[in-house]
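Trainee: Build the 3D model from these lines:
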Amino acid sequence: MGYAIEIQNLKKSFQQFQLGELDFTLPKGTIMGLVGQNGAGKTTLIKLLLNQLKLDSGTIQILGENAIQNEKNVKERIGVVFDQCHFHDILTAKEISSILKKIYQRWDSQLFESHLERFQVPFQKKIKFLSRGMQMKLSIAVALSHDAELLILDEATSGLDPIVRNEILDILLDYIQDENRTVLFSTHITSDLEKIADYVTFLDHGMIQFSESKDALLEDYGLLLCKKEELSEIDKKDIVGHRSNLFGHEILVKNKSDMKKKHPSMQMNSVSIEDIMLFYIKGDQSI
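Mentor: Residues are numbered from 1 along each chain as shown. All right, here's what the predicted structure looks like:
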């Protein structure tokens, strides 16, 4: 299979925040969602991947190359989309193309124009006159037009209306169809991940809580509902997190099928990625 990203023992410390140590891999030909609340370390991790921050320790391999030692070559092979369009707002898409063909060895002006046509982004309109959705689609068109093998998106769909978000999700699904292209997609919109992600990596307080197949996560985790008097029947080791309400308790558990067998009289509900995140972040692990 091979990996688009391989991170080992990655660590970065600030005065009031520490990221890591982190270990995870992103298989080629897949989409990974990177999730976590604000301040969890998602943007710090992406900046480390792009060598915009200097790591304290560990290694980063991108597309089989050391991302620090071979930075120039790695950046030829990746496309990056941030939460804001970073091109000067007096430029047009045509002018951007003229600039980037002098920067990227594999820049394809015709491909860029075809992406703009598909995304319905004006070729000769200044960026400052484009909507935010149009600006994000312009940024994605740029990322797709120099034969990038890996796309890294940092909250690129944040604040966009659902129609534009769905367009961008479709673009990402089309992008990975040849199975050699890969996407790392940082977002707090977990419903988007349930539509397109193959893997989900959850960061909380600078640490990875899990990095797993999305389907396996949704299949494995469950929400066990019990009455207050039934709570003592549940082994504390089986509880990932819980919250109480007027009617009893909601218990986030792993090994959903096994838990059904252990507690057949209790109701077991399916969970979303957002449910899992919220229980990890806000659920009480102690009873």
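
Trainee: Could you list the residues in contact with stretch 216-229?
Mentor: Stretch 216-229 has contacts (CB atoms under 8 Å, 6 or more residues apart in numbering) with 194, 200, 210, 233-234, 240, 244, 247-256, 259-260, 263, 266-273, 275-276. Using the backbone N, CA and C atoms, a C-beta is placed for each residue, glycine as well.

Trainee: Can you tell me which of those residues are classed as buried?
Mentor: Buried by 16 or more other CB atoms under 10 Å: 200, 210, 234, 240, 249-253, 256, 259, 263, 266, 268, 271-273, 275-276, out of the contacts of stretch 216-229.

Trainee: Out of those, list just those in helices.
Mentor: Residues of these located in helices (DSSP state H): 256, 259, 273, 275-276.

Trainee: ok, so of those residues, who is nearest residue 182?
Mentor: Nearest to residue 182, judged by CB to CB, of those is residue 273 at 19.7 Å.

Trainee: distance of that closest one from residue 50?
Mentor: Going from residue 273 to residue 50 by CB to CB, to the nearest Å gives 25 Å.

Trainee: any chance of the ones in helices among the buried ones among the contacts of stretch 216-229 in TSV, plus distance to residue 63 and pLDDT?
Mentor: Output for these, formatted as TSV (distance: CB to CB, whole Å; pLDDT from 0 to 100):
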residue	distance to residue 63	pLDDT
256	36	93
259	40	93
273	27	93
275	34	91
276	30	92
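
Trainee: Which parts of the stretch 51-200 of the chain are strands?
Mentor: Counting by DSSP state E, counting those that start in this stretch, the stretch 51-200 of the chain has these strands, from start to end: 57-62, 65-66, 78-81, 150-154, 182-186, 199-204.

Trainee: Can you add mean pLDDT and distance to residue 6 and give those back as a markdown table?
Mentor: Shown next, in a markdown table, are the strands of the stretch 51-200 of the chain (pLDDT from 0 to 100; distance: least, CB to CB, whole Å):
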| stretch | mean pLDDT | distance to residue 6 |
| --- | --- | --- |
| strand 57-62 | 98 | 4 |
| strand 65-66 | 97 | 10 |
| strand 78-81 | 96 | 14 |
| strand 150-154 | 96 | 12 |
| strand 182-186 | 96 | 12 |
| strand 199-204 | 95 | 13 |
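
Trainee: nearest to residue 26, of the ones you listed?
Mentor: Minimum separation from residue 26 across these (CB to CB) falls at strand 182-186, 6.1 Å.

Trainee: what does that closest one contact?
Mentor: By CB under 8 Å, 6+ apart, the list of residues contacting strand 182-186 reads 4-5, 26-35, 42-43, 46, 49, 149-156, 172, 175-176, 192-193, 196-197.

Trainee: Just the CA atoms of that strand, as PDB, please.
Mentor: Extracted C-alpha coordinates of strand 182-186, given in PDB (Å, rounded to 0.1, in the frame of the first residue of the first chain):
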ATOM      1  CA  THR A 182      -4.100  11.200  -0.900                       C
ATOM      2  CA  VAL A 183      -5.800  13.800   1.200                       C
ATOM      3  CA  LEU A 184      -5.300  15.000   4.800                       C
ATOM      4  CA  PHE A 185      -8.300  17.100   5.700                       C
ATOM      5  CA  SER A 186      -8.400  19.100   8.900                       C
END
